[in-house]
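Q: pasting the sequence and the predicted model now:
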Amino acid sequence: MISLHNLTVSYQRHPAVHHVSGRFAPGQATAIFGPNGAGKSTLLKTIMGAIRPDSGEVRFDGFGRKDIAYLPQQSEIDRSLPVSVIDLVSSGHWRQSGLFGRVGRKLDEVSWNALVSVGLEDFALHPVAALSSGQFQRVLFARILVQDARLILLDEPFNAVDARTTFDLLALVRRWQEEGRTVIAVLHDYEQVRAFFPQTLLMAREVVAWGATDTVLTDSNLKRASETAAHWQANAPVCAVDGQGARP
Ligand SMILES: Nc1ncnc2c1ncn2[C@@H]1O[C@H](COP(=O)(O)OP(=O)(O)OP(=O)(O)O)[C@@H](O)[C@H]1O
């Protein structure tokens, strides 16, 4: 179980995530939804440990950060890596093999099966740099399959991905839920959220609503989220509550 306790995360002391509390439903898929600049990616990075909060905390009940698989936005990934598709997928085994360790036959088979699951086995020996955006995203999902993580964090996983690929990858999200994994994904597509994510956290720096998707994505909540975002200013004063604890 993952819960957030009065979590505030700032850049140059301006909170991007502000006093957020709540718990993610274990073994279910939660969408983080909200306008641009709402703090969605910041929250995901804080959960996976890449950003330190100013105050409050993320609590993991029963498992640790080693159980997390994280997929950043494509724009944050260097795709010019001089590695093959199968090598990138196999790097998901690093916990078993060590960072520079050799992957044994059994793990090789797991990597191969993951590539088959995303329909890219014919590309196994291709260089990663030669893939299209959609193919690359399939490879990253295969790597997550290999990681076998209990918590899966996805940041805008279907950006620049065509409808067919999105459909196939959403089937994996559904499979992960059936396997009892917890999935948290930043999404912008309302219909995808409604169809595939039973839980939603609607945020605009603060929590607007959090719970069953049907009860969260109401017209009034969506209006409130966009109004809150419209009123947010980058040069707004530092929160008085957080001022003491915020980083310089
Ligand atoms: N590295 C950074 N340095 C300074 N400010 C940042 C940084 N990253 C994000 N911000 C600011 O924090 C706020 C929240 O950004 P974040 O990327 O978390 O929002 P988001 O909801 O994911 O947005 P989008 O939907 O546009 O991707 C924005 O105002 C953004 O400009």
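A: Done, it's in. Numbering: from 1, shown residues only.

Q: use CA for all of it now, contacts and neighbours both
A: Noted.

Q: show me what from the protein comes close to the ligand.
A: Within the chain, the positions adjacent to the ligand are 11, 16, 35-42 by C-alpha under 6 Å from any ligand atom.

Q: who does the residue sitting nearest the centre point of the chain form a beta bridge with?
A: For the chain, the residue lying nearest the average C-alpha position, counting by C-alpha atoms, centre = their mean, turns out to be residue 154 (2.3 Å). The partner list for residue 154 in beta bridges (DSSP bridges) reads residue 71, residue 185.

Q: quick one, what contacts it?
A: The contact partners of residue 154, taken as C-alpha atoms under 8 Å, 6 or more residues apart in numbering, are 70-73, 183-186.

Q: same check, this time on residue 179
A: Residues in contact with residue 179, defined by C-alpha under 8 Å, 6+ apart, are residue 27.

Q: how about residue 3?
A: Counting by C-alpha under 8 Å, 6+ apart, residue 3 touches 21-24, 58-60.

Q: quick one: buried ones out of those?
A: The neighbour-count test (16 or more other C-alpha atoms under 10 Å) marks 21-22, 24, 58 as buried among the contacts of residue 3.

Q: could you dump these to TSV with secondary structure?
A: Compiled in TSV, those are given as follows (DSSP: H, G, I helix; E, B strand; the rest coil):
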residue	secondary structure
21	strand
22	strand
24	strand
58	strand
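
Q: and stretch 178-198, end to end?
A: Distance across stretch 178-198, first residue to last, is 12 Å (C-alpha to C-alpha, to the nearest Å).

Q: any buried residues in that stretch, and which?
A: Along stretch 178-198, the positions that meet the burial threshold by neighbour count (16+ other C-alpha under 10 Å) are 181-188, 193-194, 196-198.

Q: show me the contacts for the spatially closest residue to residue 150 that is not a sequence neighbour.
A: In this structure, residue 150 finds its nearest non-sequential neighbour in residue 181, 4.9 Å apart by C-alpha to C-alpha, 6 or more residues apart in numbering. When the contact criterion is C-alpha under 8 Å, 6+ apart, the partners of residue 181 are 26-28, 149-152.
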